[in-house]
Each structure stands twice: as C-alpha cells, then as structure tokens.
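Enquirer: please find the sequence and the predicted model below.
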Amino acid sequence: MIIDLNADLAEGFGAWRIGDDTALLDLVSSANIACGFHAGDPLIMDQTVRQALARGVDVGAHVGFPDVQGFGRRVMQIDLPELAAMVVYQLGALAGIARRAGHLMTHMSFHGALGNMVAADAAMADGLVAAVAAFDPRLIIVSSTSPAIEQAAARCGLKVVTTFLADRACGDDGLLVPRKQAGAVIHDPAAVVQRVRQVLTTGTVTSISGKALPMRAGSILLHGDTDGAVALGRLIRDEIIAAGGRIVPVSQQRPQA
C-alpha cells in the first residue's frame, strides 16, 4: 500500500506563526503551501519551501479566497473569471518561489470555503480546473472526494488524487460537512486514528450519519493549524506503517486504476 501524508503549511503571516511547520515537515511526504490569500506571505512561503526541499518533501499551492482575517473559511461571492485569475496568481507565486529555491511545485489544492464550493459546484470546478490546466497541465490536483472536480480534471487531462481529511466528517454524498455543523471537526485523536485505520484496511469511511462510503484515498491530510497536529501526525504515520503502508508523495504514485 502506497499513500501520501500531507499537511497544510506556511499558514502564518508576518510575525505570527500557526502550527509547527518544521516538525510536521519531518513527518509528511508533501506539503500544501498557503500562497498569501488566506494565509502566508512571501518570506514564510520561501522558508517553508526550502525546508521541504531539504527533507525531500513535495510542495504544492494551497489556494484560497482573499480572506486573511477569516483564514479563508468564509464564503465570498466572486465572479468566476476573477476567481480563476486569483487561483492562477497564487499558483504563480508558489511556482516562482519554488523555482528560485531549486524545488518543483508538483500539485495544488483548494483551501477552506473555496474548496467546499468548488467540490460541490460543477460550473465553478470547470472554470477553476481549466485555469489550473492552462497554467501547468502537469500539476496534480489533490482534493477531498468531489465528482465535480474529478470530472472537470478528466476533461482537462489533469490527474486528481483523493485526499482523506481524517479530522473532518463527511456527508452521505461524500462531501465535507460544513465546519459550522456539529460534529464536522473531529477532535479526539483516537477517533481520527480509527478513521485512518478504517480507510487503510477497508477502503471505506463512515459518514456523519453512519453510512459506510467507499474511500479510495491516495493521500491523508493533516491540518497544520490544529492543536496537537504534530502528535496527531506521528500517530497517523505510525498507523500507516503498522498497516504495511509506505508513505510516498502523490507525484511519485501511479494513477489509480
């Protein structure tokens, strides 16, 4: 079994830091780098990319709404052409920083409220995935379960890898439950590890209503801003290894059959 372990990183801003990126980079195989819209700034991006390069960790752009105050978790109504330009702006920022550091941007993912909207809206997915493909058709899209994104990517010839958000509940449709809903965020480390074990051993996840859903994950996501993220990351890494898994970044995985 081969699976990626990734984390959302570089989510500080200026003098403020969120999470222990350095410790998490010792655990993961790929990192989703905030690109300055929901969090992050050029210096934090540069430092995180260089630390990732030193550890052989892949980097990808983690793009979101222009919402530093709300950490990108507030819905914003932005016309699709403008939003597509914002996505490309963020991709270009990380690609440039990675190139200067001698690293390569291998993937991208959508953050927070933007990610939830794209996952559920086929028209939005078509527009934004097309923008990603036009920027760099080699990029891999790392996404939670989303037929909208998967179908848009297939039309554009992009590879999609499903990532399992171990600390986030999903509905019966497989989409993430909004954070405002009770039970949307799973705080108990034992429950999170149990969910990882279920995905690894049975290829299923239990929805918030108790329904077993298929989950063919190529990646498991850690939220770097979560309290106890490093300890939880160690538990998840140990669980993967105990299940006979090998932790490999998505760029080195073969397409799922």
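Expert: Now that the structure is in, tell me what you want to look at. Numbering: from 1, shown residues only.

Enquirer: what about the helices in this structure?
Expert: Under the criterion DSSP state H, helices of the chain are mapped to 21-25, 42-55, 80-101, 112-120, 122-135, 147-156, 189-202, 229-242.

Enquirer: ok, which of those helices comes nearest D4?
Expert: helix 229-242 (10.0 Å; CB to CB). Bear in mind the C-beta positions are built from the backbone N, C-alpha and C, glycine included.

Enquirer: relative orientation of that closest one and helix 189-202 in degrees?
Expert: Going by axes from the mean of the first three to the mean of the last three CA atoms, to 10 degrees, helix 229-242 is angled at 30 degrees with respect to helix 189-202.

Enquirer: need the contact partners of helix 229-242.
Expert: 3, 5, 7, 19-20, 23-24, 27-28, 166-167, 189, 192-193, 196-197, 200, 220, 222-223, 226, 247 (CB atoms under 8 Å, 6 or more residues apart in numbering).

Enquirer: give the buried residues for it.
Expert: Neighbour-count burial for helix 229-242 flags A229, V230, L232, G233, L235, I236, R237, E239, I240 (criterion: 16 or more other CB atoms under 10 Å).

Enquirer: kindly report the same for stretch 191-198.
Expert: For stretch 191-198, burial by neighbour count (16+ other CB under 10 Å) applies to V192, V193, R195, V196, R197, Q198.

Enquirer: one more: stretch 132-145?
Expert: For stretch 132-145, a neighbour-count test (16+ other CB under 10 Å) marks V132, A133, F135, L139, I140, I141, V142, S143, S144, T145 as buried.

Enquirer: what is the most widely separated pair among the residues you listed?
Expert: Maximum pairwise distance in the buried residues of stretch 132-145, criterion CB to CB, is 23.9 Å, between F135 and T145.

Enquirer: H38 and G244, how far apart?
Expert: Separation of H38 from G244 (CB to CB, to the nearest Å): 36 Å.
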